[in-house]
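K.L.:
Take this sequence and fold it.
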Amino acid sequence: MTDLPTPRPRPEANVSPLTRISLNVVVFNEEARLEACLVDARAHVDEIVVVDQMSTDGTAEIAQRLADVYVRDVHHGHAEPSRELAASRSSGEWILILDADEQMSALLKAELRGLVER
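P.N.:
Sure thing, here's the model as predicted:
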């Protein structure tokens with residue numbers, strides 16, 4: 001397993017650690033879908049963590065460019081071990097999990113910050 005973190009300072013540095021939201025996405029060959037997922041979520045989370053299960057397409061390049069943390073993991077054949085790895089590399093108290101082919105609903109975008117600040 002090779003760890004290639006790409007931390008980026010976020011303008012939301014004044015967000016309380018107890019309300020910090022990390023998006024976790026586990027991927028394998030998701031070049032066609034990953035960018036839309038990450039770009040769509042960026043304004044609504046404080047950190048994006050992508051764990052790549054040995055993709056052979058352009059997934060790694062997209063993840064390294066758009067994620068705050070990028071980790072390359074072995075291909076387990078299922079996502080759960082990599083989800084645990086993503087959570088361990090996340091700085092947020094709250095973790096949102098999406099698949100690369102998913103995007104946040106308008107309702108979730110509108111209410112997410114309020115839900116974690118309760």
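K.L.:
all strands of this structure, in order?
P.N.:
Per DSSP state E, the chain carries strands over the ranges 2-3, 21-27, 47-52, 69-72, 94-97.
K.L.:
Now render those strands as JSON lines, adding mean pLDDT.
P.N.:
Listed next are these as JSON lines, based on pLDDT from 0 to 100:
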{"stretch": "strand 2-3", "mean pLDDT": "48"}
{"stretch": "strand 21-27", "mean pLDDT": "98"}
{"stretch": "strand 47-52", "mean pLDDT": "98"}
{"stretch": "strand 69-72", "mean pLDDT": "98"}
{"stretch": "strand 94-97", "mean pLDDT": "97"}
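K.L.:
can I get those in a markdown table with mean neighbour count?
P.N.:
For the C-beta atoms, the positions are set from N, CA and C on the backbone; glycine is no exception. Converted to a markdown table, the strands of the chain look like this (neighbours: other C-beta atoms under 10 Å):
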| stretch | mean neighbour count |
| --- | --- |
| strand 2-3 | 10 |
| strand 21-27 | 25 |
| strand 47-52 | 26 |
| strand 69-72 | 21 |
| strand 94-97 | 17 |
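K.L.:
TSV please, covering these and showing distance to G114.
P.N.:
Shown next, in TSV, are the strands of the chain (distance: least, C-beta to C-beta, whole Å):
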stretch	distance to G114
strand 2-3	34
strand 21-27	12
strand 47-52	19
strand 69-72	25
strand 94-97	12
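K.L.:
okay, the angle between the biggest helix by length in the chain and strand 21-27?
P.N.:
Using DSSP state H to define each element, the chain has its longest helix at helix 106-116. On the basis of axes from the mean of the first three to the mean of the last three C-alpha atoms, to 10 degrees, helix 106-116 is oriented at 130 degrees to strand 21-27.
K.L.:
That's all I had, so thanks and see you.
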